[in-house]
Each structure stands twice: as C-alpha cells, then as structure tokens.
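Enquirer: Test case, fold it:
(one chain, ligands or ions: 1)
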Amino acid sequence: MISIKLLEEDEKSVKVLLSGTPLAVANAIRRMAMNEVPTMAIEEVLIIENSSSMPSDVLVHRISLIPFISDIDRYVSPEECGCGKRLGCERCAVRFVLRAEAKDEPITVYSGDMVPEEETSVKPVSPRIPIVKIGPGQKIELELYVRVGKGRKHAKWQAAIATLYEPEDGGKDERILYVESIGFLSPRRILLEAAKALEKKVLELENLLQEALQQGV
Ligand SMILES: [Zn+2]
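Expert: Numbering: from 1, shown residues only. Coordinates of the predicted model:
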C-alpha cells in the first residue's frame, strides 16, 4: 500500500517518506520537482542604455539568473497563454524597469532596484543580489520581462534541488524525498506541482495510447 508521511518542513525545504512507492514513480516525482514545476524568471531584456563597463550580453545573462518569488496562479507560460506577443501580455509577463545612474561616486545596482510596472506579488527572491557596479557618469536603463518557464526549458527556472534516498532503518520500497526550494515557490507547493506535472504526463500518455490504438496497426 502506498503511503506518504511528512517528516520535516521549513521555509526552504521539505522531507517526505514515501512507502510502497515503486522507485520509478518516486524518481519521476523527484525529476518533476526539478524540471517541470513552473516558476518565474526574466526571459526578455530590452537595453535602453548601458554605459557601464559590463558588456550588455554579460549584463543580460547575469540578470536573467535572478530567481523571482512566483505567482503561478495568476500568470501562465507563453505557450499556455497563446497571445503570441514576443514580450507577452498581462497574463503571461510582468514588466520591470531598472534605471540607475552614478553621480560622483561609483554605485552597485541590486536586484531590489528593479521596479514592477504593475501591482504584483512577483519580486526577486532577495533585494540584495548585486547585478552591476557603475562608475561616475555611467548609467543603465533596462526593461525586463519576467515570465513563467520550467527547468526543462532553462536551468534558470529550476524550482528546486531534489534528492531521493533510502532511510537507514527503512523497509522495502521506502524512500525519503528531500526537496530544497531555490526560492521561487514554497517547498510544499513544489511537491504538489511536481505531483500535478506527473499526473499531466500520465494523462498525455493515456491520450496518445488511445490514439495509437484507434489508428490500429
Ligand atoms: Zn500572453
């Protein structure tokens, strides 16, 4: 019989004991937690101005790796939205602006300097992530489009690090699943979304199987 017991939970991680769960299924949930849970990160960057000494492509790469506290109930992925707009619409993108200018002293620009252009709970996981240093007289101005994606598409959207191991005094088919959130979503939401993603895969498989059987040999 399958049973699941919550062993530990805090803000960053969750640990559950899976009993009677075949290894393949437990491993599938682990992989879903890393690759298939939707989260939000910067997908498009428009550079209005960059007179810092950091090349624009390096700046874009750095800023794209910042994880955002995600609202996956309100926003959907570009694929699900289907609006087809490169920079998205109100359902599939949150626009942020980042403007900074150094006057007499060099300054460091932080993740917290990004300002959303609408009322939203989506924000960088920490306001203190350094992005770029700019010198006197230098300036940056960027438009940033935060969108829903998955770890499978790019590692910057990876929701969690998840591991599976056998408990020291465990019985047959007993495994511990440990999920550590990167910060986009709560650990328990990641677990639930991983299970949902697995369910979706199984449904897809069922549909494909029905089609194949209908088509015949
Ligand atoms: Zn859209």
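
Enquirer: just checking, what's the longest helix in this structure?
Expert: The longest helix of the chain (DSSP state H) is helix 187-215.

Enquirer: what's it packed up against?
Expert: strand 13-19, helix 23-35, strand 160-165, strand 174-181 (3 or more C-beta pairs under 8 Å, 6 or more residues apart in numbering; DSSP states H and E). C-beta: built from backbone N, CA, C; applies to glycine.

Enquirer: Deepest in the core, which of those is it.
Expert: Comparing the helices and strands packed on helix 187-215 by mean neighbour count (mean count of other C-beta atoms under 10 Å), strand 174-181 ranks first with a mean of 21.

Enquirer: now for it, which elements pack on it?
Expert: Against strand 174-181 (3+ C-beta pairs under 8 Å, 6+ apart) you get strand 13-19, helix 23-35, strand 160-165, helix 187-215.

Enquirer: repeat that with 10 Å
Expert: Taking 3 or more C-beta pairs under 10 Å, 6 or more residues apart in numbering; DSSP states H and E as contact, the helices and strands that strand 174-181 lies on are strand 3-9, strand 13-19, helix 23-35, strand 160-165, helix 187-215.

Enquirer: Okay, now the sheet partners of it, with direction.
Expert: Partners of strand 174-181 in the sheet, by DSSP bridges, are strand 13-19 (antiparallel), strand 160-165 (antiparallel).

Enquirer: and the angle from the last one to helix 23-35?
Expert: Spelled out, that is strand 160-165. Here strand 160-165 runs at 160 degrees with respect to helix 23-35, directions being taken by axes from the mean of the first three to the mean of the last three C-alpha atoms, to 10 degrees.

Enquirer: Using PDB, write down the CA coordinates of strand 160-165.
Expert: Extracted in PDB, the C-alpha atoms of strand 160-165 (Å, rounded to 0.1, in the frame of the first residue of the first chain):
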ATOM      1  CA  ALA A 160      14.300  23.000  -6.600                       C
ATOM      2  CA  ILE A 161      17.100  20.600  -5.900                       C
ATOM      3  CA  ALA A 162      15.500  17.200  -5.200                       C
ATOM      4  CA  THR A 163      17.100  14.000  -3.900                       C
ATOM      5  CA  LEU A 164      15.900  10.600  -3.200                       C
ATOM      6  CA  TYR A 165      17.500   8.200  -0.700                       C
END
